[in-house]
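Colleague: coordinates for the following, if possible.
(one chain, ligands or ions: 2)
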Amino acid sequence: MSATKNPTQLEDLRHSCAHLLAAAVMDLWPSTKRAIGPAIENGFYFDFEFENSISAEDFSKIEQKMHEIVKTWDSFELQKLSAAEAKADYPDNPYKHELIDEFSEGGTKPVSFYKSGNYRDLCKGGHIDNPKEALKHFKLLSVAGAYWRGNEKNTMLTRIYGTCFPSRDELKSYLTMLEEAKKRDHRKLGTDLDLFVFSDLVGKGLPLFTPRGALLRELLNEFSQELRLNVGFERVWIPHITKKELYQTSGHWDKFGDELFLVESQETNDELVMKPMNCPHHQQIYASRMRSYKELPIKYLETTTIYRDEKAGELLGLSRVRSVTQDDSHTFCTPEQIPLVYQELIEIVKKFYDALGMKYRARLSFKDPAQSEKYLGEESLWQLAQDTILDIAQKNKLDYYVAEGEAAFYGPKIDFMVSDALGREWQLATPQLDFVQPKRFGLTYTNAEGKEQTPVMIHFALMGSLERFLSVYIEHTAGIFPAWLAPTQVAIIPISESEHDYAQQIYSEMKQENLRAVVDYDNKTLSAKIRHWTLQKVPYLCIIGQKESQNKTLSLRSRDGKDLGIMSLYEFIKENKTHFEKPI
Ligand SMILES: [Zn+2]
Ligand SMILES: [Zn+2]
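Modeller: Ligands and ions are numbered 1, 2, ... in the order given. Purely as a prediction, here's the structure:
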C-alpha cells in the first residue's frame, strides 16, 4: 500500500505518531516503562511494560488522550543529554538503560532526545515538522505480546500497533481495506472451506492439507508445471535430507545458520540437515556427467518442500511456515542463451498470473553501480544480463521499474510484484540469474571449440512458496475459486428422497466427465442446502425436483445466486466446458 508519494515522509509521520502514543500512555499510566516505537510497513508500534495489563478496550481512551496532547506539540526539538542525565529520565527502566549504554557507547558520548510539548524520549530522529497539524488521522489497531529485542529469553512486553495517514480519506480507505482483509483472512477461510489444518502434535508452522486443500494445491501446481514442461523442462527428484558438506560448498551453511534443521544419523557419522534450498541438489544432477554446449539449456523442474526453522513468533497461517513447498526449477545455459531462456520464463509468468486474474509489476533488481565490490561474477556477464532483462521487460511491455541495489550478490533478477484484490503487493515469481553457484560447484560444459566453460544458472519458481501463494490467492479470491480450481465444482441437490436415484445418476455421469460433484442427501430444507453450498462457494448448484427428475433436466444456479435456467446435463457441460478446464 503506498499512501503518499514520499515513503520517508510517511515513515516520519508514523514514527512521530508512535511518540504521541507513548506520551498518552505515560500520561494515563505514569508507572509504565517505555521501550521502543518504530514506524513499520502500514503503521507503527510501541512496546511498553505496563504495571497492569491493558487491552483493545483501552484504545479509545488512549486515542482521545493523543488528540488532546498533540494540540501542545509544535515541533520535535532535538536535545543532547549525557548518559547519566538520560538515565535519570527513566528510573528503573532496564530497556532504556540498555539502549542508552549502547547509543552513548558506554557513557562516552551524549545521546539524543526529542522533545515535543512536555514530553521527551530517547530517539535518533526521523519526525515531521508540524505535529500539531499533521498528526490527526491515526488509529490504534491491536495489542500483542512481544519479547524485548525479539528474544524469547527476555521479558515479554506489550506491543500496541497503530497506523497514521496524512488525510482522513486515506485512513478511512485503509481501515475499510483492513475490515475486508479480516473477512478474507486465509486462516479463517482455510477452516471454513476445509482446506488446511494445524495440529499441536505435528507442530507449529507445519500445515496439513485436507483432501480439498490438497486438490487445490495440486491443480495450481499442475498448471505451474505444465507451463514449463511445455517449453522443455524435465522433472527431477531429490531427497529432503542432505549432508552438511553440500551446503558448506554452496555457501548456504553460513547464510542460513540457525534456520537449518539438523538431523542426527544413528548409523553413520554423517551430519545431516533438512534441505533449506533445492539448487545445490539440482546442480549435483547436472554435475553427474560431462555436458556439451549442444545439450544446453538443461532445465530441471521439481515441486518439493524445503525446511526452515523460523522463529515461533513469526509463524503465521500459511504465510510463514516451517515446511515451505516450492514449485522450483533451475535452468543451466550458456551466456548467449540468457535472452531466450529469460523470454520463455517471462511468458510463463504472464500466462500464469493473467489466467488467475492477478495484476503485477516487474521490479528489475540490478546491482548498485556505486558498490560494485559487493557483487560476485564477471562485470561483462552482469552487463549482458542486466541489458537482457531491461530489453525483455520493454519488449514484453511489462509495467516495470528499475531498482538499483536490489540484486542478489550473485546475479540480477526480475521480481514480479503481484497485487491482490485489496491492492496489497506481494513478491511472488522471481527469475533469478546466478553467476556464482555454478562456479562454486565447478559446473562446466564443453563449448564449440572444445573448451570448458561455466554455465549460467537461472533459479525460477512461479508461485514461489505454494503455502504463501495459497495464503495470497485465497485472500485475493476470498475463496471464490474459478470453476477449474474449485475443489467441488457442482453440488447436486435433490429436493426430496424421490429424486435421489436421478441425483445419483447425474452424479455418476458428471464423474465420467471428470467433474468434481457431490450429492447433498441431507434431510434439510432446500433453502438450508442452497445456503450451505453457497457459503462453501461451490460454483454451480444443481437442483433436482420432481419436474427435473421426470424431464431428465437440471435446474442450475450460480454461487452468487443467479438463476442459470433449466437444461440437460449435456447442455450444462457443453455451455461451461471452458470454465472447467485449465485456462491454457
Ligand atoms: Zn523519534
Ligand atoms: Zn534455486
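
Colleague: tell me how far stretch 459-473 is from the chain's mean position?
Modeller: 8 Å (Cα atoms, centre = their mean, to the nearest Å).

Colleague: swap in stretch 92-100?
Modeller: 35 Å.

Colleague: quick one: mean pLDDT for that stretch?
Modeller: Confidence for stretch 92-100, expressed as mean pLDDT, is 96.

Colleague: contacts for it next, please.
Modeller: By Cβ atoms under 8 Å, 6 or more residues apart in numbering, the residues outside stretch 92-100 that reach it are 33-36, 47, 49, 83, 86-87, 89-90, 111, 122, 148, 157. All C-beta atoms are positioned from the backbone trio N, CA, C, and that covers glycine.

Colleague: quick check on the residues you listed: which are buried?
Modeller: The neighbour count (16 or more other Cβ atoms under 10 Å) marks 33-36, 47, 49, 83, 86-87, 90, 111, 122, 148, 157 as buried among the contacts of stretch 92-100.

Colleague: inside strands: which ones of those?
Modeller: Residues of those located in strands (DSSP state E): 33, 34, 47, 49, 111, 122, 157.

Colleague: which one of those sits closest to ligand 2?
Modeller: Of all those, ligand 2 sits closest to residue 47, with 37.0 Å by Cβ to the ion.

Colleague: please determine how far the closest one is located from residue 33.
Modeller: Counting by Cβ to Cβ, to the nearest Å, the gap between residue 47 and residue 33 amounts to 9 Å.

Colleague: same thing with residue 238?
Modeller: For residue 238, the distance to residue 33 - Cβ to Cβ - is 51 Å.

Colleague: next one: residue 128
Modeller: 26 Å.

Colleague: try residue 345
Modeller: Applying Cβ to Cβ, the value for residue 345 to residue 33 is 52 Å.

Colleague: one more: residue 215?
Modeller: For residue 215, the distance to residue 33 equals 51 Å [Cβ to Cβ].

Colleague: then residue 206?
Modeller: For residue 206, the distance to residue 33 - Cβ to Cβ - is 36 Å.

Colleague: show me the contacts for whatever residue of the stretch 151-300 of the chain ends up closest to ligand 2.
Modeller: The nearest approach of the stretch 151-300 of the chain to ligand 2 comes at residue 279, 3.3 Å away (Cβ to the ion). Residue 279 makes contacts with 250, 330, 434, 437, 457, 459, as judged by Cβ under 8 Å, 6+ apart.

Colleague: ok, those residues vs ligand 2, which is closest?
Modeller: Looking across these and measuring by Cβ to the ion, the closest to ligand 2 is residue 459, at 3.3 Å.

Colleague: what bridges to that closest one?
Modeller: residue 330, residue 432 (DSSP bridges).

Colleague: that one touches residue 330, doesn't it?
Modeller: Yes. In this structure, residue 459 is within contact of residue 330 by Cβ atoms under 8 Å, at 6.0 Å.

Colleague: neighbour-wise, which of these two wins?
Modeller: Neighbour comparison, residue 459 and residue 330: the larger count goes to residue 330, with 26 against 23 (by other Cβ atoms under 10 Å).

Colleague: can you report phi and psi for residue 189?
Modeller: As for residue 189, its main-chain torsions (degrees, to the nearest 10) stand at phi -60, psi -30.

Colleague: next up, the contacts around it.
Modeller: Taking Cβ under 8 Å, 6+ apart, we find residue 189 in contact with 195, 474, 475, 478, 479.

Colleague: Throw those into JSON lines and include distance to ligand 2, thanks.
Modeller: Converted to JSON lines, those look like this (distance: Cβ to the ion, whole Å):
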{"residue": "195", "distance to ligand 2": "28"}
{"residue": "474", "distance to ligand 2": "26"}
{"residue": "475", "distance to ligand 2": "27"}
{"residue": "478", "distance to ligand 2": "32"}
{"residue": "479", "distance to ligand 2": "31"}
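
Colleague: the residues you listed in helices, which ones?
Modeller: Among these, the ones falling in helices (DSSP state H) are 474, 475.

Colleague: which residues sit against the lowest-mean-pLDDT helix or strand in the chain?
Modeller: When each helix and strand of the chain is scored by mean pLDDT, DSSP states H and E, helix 252-256 comes last, with a mean of 81. Contact with helix 252-256 is made by 244, 247, 260, 276, 277, 280, 308, as judged by Cβ under 8 Å, 6+ apart.

Colleague: for that helix, output the C-alpha coordinates as PDB.
Modeller: Extracted C-alpha coordinates of helix 252-256, given in PDB (Å, rounded to 0.1, in the frame of the first residue of the first chain):
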ATOM      1  CA  HIS A 252      24.100 -21.800   2.400                       C
ATOM      2  CA  TRP A 253      25.500 -23.200   5.600                       C
ATOM      3  CA  ASP A 254      26.700 -19.700   6.700                       C
ATOM      4  CA  LYS A 255      23.800 -18.000   5.100                       C
ATOM      5  CA  PHE A 256      21.000 -20.000   6.800                       C
END
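
Colleague: please see if that helix touches ligand 2.
Modeller: No. Judged by Cβ under 5 Å from the ion, helix 252-256 and ligand 2 are separated, with a smallest distance of 10.3 Å.

Colleague: what residues of that helix count as buried?
Modeller: In helix 252-256, counting by 16+ other Cβ under 10 Å, buried: 252, 253, 256.

Colleague: and residue 541, what element?
Modeller: strand 540-544 (DSSP states H and E).

Colleague: dump that strand to CSV, restricted to CA.
Modeller: Taking Å, rounded to 0.1, in the frame of the first residue of the first chain, the C-alpha atoms of strand 540-544 are listed here in CSV:
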residue,chain,number,x,y,z
TYR,A,540,-22.7,-24.5,-9.6
LEU,A,541,-25.7,-25.7,-7.6
CYS,A,542,-27.8,-28.2,-9.5
ILE,A,543,-31.3,-28.5,-8.1
ILE,A,544,-33.4,-31.5,-8.8
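
Colleague: for the stretch 351-500 of the chain, just list every one of the strands.
Modeller: 359-366, 400-404, 413-419, 425-427, 432-434, 445-446, 452-453, 456-459, 490-494 (DSSP state E, counting those that start in this stretch).
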